[in-house]
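Colleague: Okay, sequence plus prediction incoming.
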Amino acid sequence: MGVSNNITAVLNFISLLCSIPIISSGVWLASKADTACVHWLRWPVVLAGVAVLLLSLAGFVGAYWNKSSLLAIYLLSMAALIVTLLILVVLAFVVSHPDGAVSVPGRNFREYRLSGFSPWLRNHITNSENWGKIRACLAESDFCPNLNQKYISAEQFFGAHISPLQASLSLFVICLFCVL
């Protein structure tokens with residue numbers, strides 16, 4: 001067995017072992033109560049874990065025992081997976097390209113407004129069917145109580161050095177759920 005097959009076999013064995021926690025996480029999510037957030041995550045996580053397991057198994061067996069048919073299936077599957085991930089990354093950048101950031105005087109962070117994002121994302125979020133799901137998911141989270149424990153006053157929050165993601169999510173949740 002060549003060096004490249006050894007490396008391929010070892011890497012696929014490691015990814016095979018890594019698929020076990022992914023599948024376990026999906027099963028754990030499936031065993032939780034049916035909430036709006038968990039409902040959308042549980043089966044895709046299980047399916048992703050099983051796909052990684054099967055792909056890793058094909059790559060490991062093909063590389064370890066030099067089975068060219070399994071290696072061909074493995075390589076074609078990996079190419080399809082890489083192309084799919086690249087398409088998803090490009091789509092994410094296109095959809096979120098205008099970031100909606102607005103500089104606000106007296107704040108150590110930038111505020112994010114929905115009007116600054118792409119029209120597709122705005123329409124998708126403000127669609128009444130999708131917004132109901134997003135609202136239910138955020139309402140079930142413990143974000144507001146955690147935010148109230150960390151920042152006692154508005155001045156502490158506005159003076160904090162937080163990441164853009166934390167700032168946008170915090171302001172979004174504060175405006176829509178904590179005040180209502």
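Modeller: Nice, thanks for sending it over.

Colleague: Which parts of the protein are strands?
Modeller: Listed in chain order, the strands of the chain (DSSP state E) span 101-102, 111-112.

Colleague: Check those strands for me and report the most buried one.
Modeller: Highest mean neighbour count of those: strand 111-112, a mean of 18 (counted as mean count of other Cβ atoms under 10 Å). C-beta here means a position set from N, CA and C on the backbone, and glycine is covered the same way.

Colleague: hang on, the earlier thing: and the strands of the chain, which one is worst for confidence?
Modeller: With a mean of 72, strand 111-112 has the lowest mean pLDDT of the strands of the chain.

Colleague: how many other residues sit next to residue 15?
Modeller: By other Cβ atoms under 10 Å, 16 other residues sit near residue 15.

Colleague: Grab the nearest non-local neighbour of residue 107.
Modeller: With Cβ to Cβ, 6 or more residues apart in numbering as the criterion, residue 107 has its nearest non-adjacent residue at 5.4 Å, and that residue is residue 158.

Colleague: repeat for residue 130
Modeller: residue 124 (5.8 Å).
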